[in-house]
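**Q** Got a predicted model here, sequence first, then my questions.
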Amino acid sequence: MKKHSARVAPLSACNSPVLTLTKVEGEDRTRENVVGTTDTQSTAGVTGAESGSSRRKLHCCIRVTTVQVQKALWGVAMVMCVCSSWAGSTQLAKLTFKQFDAPFTLTWFATTWNCLFFPLYYIGHLCKSPERQTPRQRFRECCRFFGDDGLTPKVFFTKVTPFGLLWILTNYLYLQALRKINTTDVSALFCCNKAFVFLLSWIVLRDRFMGVRIVAAILAIAGIVMMTYADGFHSHSVIGITLVVASASMSALYKVLFKMVLGSAKFGEAALFLSVVGSANFVFISFVPIILYFTHVEYIGSPQDIPWAYLCGVAGLLFAFNILVNFGIAITYPTLISLGIVLSVPVNAMVDLYTCEIHFNTVRLIAVFIICLGFLMLLLPEDWDQCIIQLSTKLRKRDEPAEGNGEAGATTGLNWRGRTRTSMSTFAH
């Protein structure tokens, strides 16, 4: 029996956290058994059993359809929220740099908000869980994620600190790229991290080889080259593209190492991990913005000149985005969450078109298109080819009864064969 689990993601826009709900899987098995039983009873020829099984089958189908429709509706809302939070944080960060040109300080400030993950999770635990625990009890239980000894100093420096550094590098390089190039190119290029995750998983984790994902990775690399060519290989543009590609690489490395070192986490464990990362950032990294201020690497100005509304807006949107990416899978499909990331690219393009001077030449449009296409191809499930074969088989079987009836009307000698095909088709469905 599988446990509730959710993969933790950094600022990554392309994460598709995997969550397995035991209750849902058990219900699916029950439905399959009930449907199989009703199908078997329908072929027995008993009139009373046929009516009863038909009603049960219809009831099960309605329940399955209702659950799927509900998850789809939640998915639509989730797509809009993910797209809005990711595109909004990107655009607002771009505006923030016009008044507050300090990308590392903004990274530190936004990462510190991760401390709120575990308190918010505990509030949800008090509201939903029938067995309420004290904060200390819940904390100790979630600490088992780090090992039998819990969150020891050794575990902190060996298993938490590397991921905290990767998180900060991912955010910092992404924000630095926003200072160099437009938000459309940054958001599109960052989608390449999905291809980098596949390549690293294939090499390090020995994941299943899939030709369609290799094609998607090639499209992502081709899109990076075309995006560089679109601006004529100017140094300013090349630096920005290099920064965002490096950010996508750090994000992919974060995901693969997390899967290799820590595996998967429950909701409480994921919330605790993110809170520990935020707390460590506040305690151990706070001296870096101070050093950057006194060395004039980043100019902050007086506290009255700091645009606190912009800073809190960026941090809040990024915090909301990480909540949706890491925990939204509880109410909808992971593919729909990732779809919201791709939709942020055209949203940023529309905003850039009306707010800044950007030239969408043919090369840039093709580069953005093939990067997004590669991202969508990476969302295909591992058995996507088998699903297509099964769908075509079902469509072919659905056409067989009509053909059988036509043959039965033509000659009486084929009447038995036509009835057999019809009954087999009914049993298959």
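**A** On my side now, so go ahead.
**Q** Counting neighbours, what do you get for the closest residue to L166 other than its chain neighbours?
**A** In this structure, L166 finds its nearest non-sequential neighbour in Y254, 4.3 Å apart by Cβ to Cβ, 6 or more residues apart in numbering. Backbone N, C-alpha and C define where each C-beta goes, glycine included. Using other Cβ atoms under 10 Å, Y254 is surrounded by 26 other residues.
**Q** Phi and psi next, for Y254.
**A** Torsion angles at Y254 (phi, psi; degrees, to the nearest 10) stand at phi -60, psi -50.
**Q** Quick check: pLDDT value at it.
**A** With respect to pLDDT, Y254 scores 93.
**Q** now T411
**A** Note on T411: pLDDT of 45.
**Q** Tally up the residues packed near L106, please.
**A** Neighbours of L106 under the rule other Cβ under 10 Å: 24.
**Q** where's the host helix or strand of S275 relative to the chain centroid, distance-wise?
**A** Here S275, judged by DSSP states H and E, is contained in helix 267-284. Distance of helix 267-284 from its chain centroid, counting by Cα atoms, centre = their mean, to the nearest Å, is 20 Å.
**Q** rewinding a little: and the residue nearest to L166, how far from A248?
**A** Look at Y254 and A248: by Cβ to Cβ, to the nearest Å, they are 11 Å apart.
**Q** re the thing from before, ok, the residue nearest to L166 to T111 distance?
**A** Between Y254 and T111 the computed distance is 13 Å (Cβ to Cβ).
**Q** who touches both of the two?
**A** W167 (Cβ atoms under 8 Å, 6 or more residues apart in numbering).
**Q** isn't L262 right next to V155, touching?
**A** No - taking contacts as Cβ atoms under 8 Å, L262 lies outside contact range of V155: 10.3 Å.
**Q** shared neighbours, those two?
**A** Counting by Cβ under 8 Å, 6+ apart, the contacts common to L262 and V155 are F146.
**Q** same for the helix holding S275, what does it pack against?
**A** Contacts defined by 3 or more Cβ pairs under 8 Å, 6 or more residues apart in numbering; DSSP states H and E place helix 267-284 against helix 103-112, helix 117-128, helix 135-143, helix 161-180, helix 308-327.
**Q** In it, which residues are buried?
**A** Within helix 267-284, the residues that count as buried by 16 or more other Cβ atoms under 10 Å are 267-282.
**Q** Please identify the one among those residues that lies nearest to A330.
**A** Using Cβ to Cβ, F267 is the member of these that lies nearest A330, at 7.4 Å.
**Q** Hmm, that closest one is touching Y121, no?
**A** Yes - the criterion here is Cβ under 8 Å, and F267 meets it with Y121 at 6.5 Å.
**Q** the helices in the stretch 201-350 of the chain, which residues?
**A** Per DSSP state H, counting those that start in this stretch, the stretch 201-350 of the chain carries helices over the ranges 211-230, 235-261, 267-284, 287-294, 308-327, 334-355.
**Q** Please find the angle between the direction vectors of the first one and helix 235-261.
**A** Using axes from the mean of the first three to the mean of the last three Cα atoms, to 10 degrees, the inter-axis angle of helix 211-230 relative to helix 235-261 is 160 degrees.
**Q** What of the last one?
**A** With the same axes, to 10 degrees applied, the angle from helix 334-355 to helix 235-261 works out at 160 degrees.
**Q** give me the low-pLDDT residue ranges for the stretch 201-350 of the chain?
**A** Filtered on pLDDT under 70, the stretch 201-350 of the chain yields the residue ranges 233-235.
**Q** let's see 80
**A** 207-213, 229-236, 264, 300-303, 330, 332-333 (pLDDT under 80).
**Q** re earlier: among the buried residues of helix 267-284, list the two that are farthest apart in space.
**A** F267 and F282 (22.8 Å).
**Q** For I239, see how far away the residue nearest to L166 is.
**A** Distance, Y254 to I239, using Cβ to Cβ: 23 Å.
**Q** next one: S286
**A** From S286 across to I239, the span is 28 Å (Cβ to Cβ).
**Q** what does L199 give?
**A** For L199 relative to I239 (Cβ to Cβ), the value is 24 Å.
**Q** okay, now I218: neighbour count?
**A** Counted with other Cβ under 10 Å, the neighbours of I218 add up to 13.
**Q** Please list all residues in contact with it.
**A** I218 sits next to G374 when contact means Cβ under 8 Å, 6+ apart.
**Q** hmm, back to that, render the CA-only coordinates of the helix holding S275 in PDB, please.
**A** Output in PDB follows, covering the C-alpha atoms of helix 267-284 (Å, rounded to 0.1, in the frame of the first residue of the first chain):
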ATOM      1  CA  PHE A 267       2.900  16.700   2.900                       C
ATOM      2  CA  GLY A 268       4.100  17.400   6.400                       C
ATOM      3  CA  GLU A 269       7.600  16.300   5.600                       C
ATOM      4  CA  ALA A 270       7.700  18.500   2.500                       C
ATOM      5  CA  ALA A 271       6.400  21.500   4.500                       C
ATOM      6  CA  LEU A 272       9.000  20.900   7.200                       C
ATOM      7  CA  PHE A 273      11.800  20.600   4.700                       C
ATOM      8  CA  LEU A 274      10.900  23.900   3.000                       C
ATOM      9  CA  SER A 275      10.600  25.600   6.400                       C
ATOM     10  CA  VAL A 276      14.000  24.400   7.400                       C
ATOM     11  CA  VAL A 277      15.400  25.700   4.200                       C
ATOM     12  CA  GLY A 278      13.800  29.100   4.800                       C
ATOM     13  CA  SER A 279      15.000  29.200   8.400                       C
ATOM     14  CA  ALA A 280      18.600  28.300   7.500                       C
ATOM     15  CA  ASN A 281      18.500  31.000   4.800                       C
ATOM     16  CA  PHE A 282      17.500  33.600   7.400                       C
ATOM     17  CA  VAL A 283      20.100  32.400  10.000                       C
ATOM     18  CA  PHE A 284      23.100  31.700   7.900                       C
END
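**Q** Other residues contacting that helix?
**A** By Cβ under 8 Å, 6+ apart, helix 267-284 touches 4, 6-8, 108, 111-121, 125, 138-139, 141-145, 151, 156, 160-161, 163-164, 167-168, 262, 265, 322, 326-327, 330.
**Q** Report the buried members of these.
**A** 4, 6-8, 108, 111-115, 117-118, 121, 125, 138-139, 142-143, 145, 151, 160, 163-164, 167-168, 262, 265, 322, 326-327.
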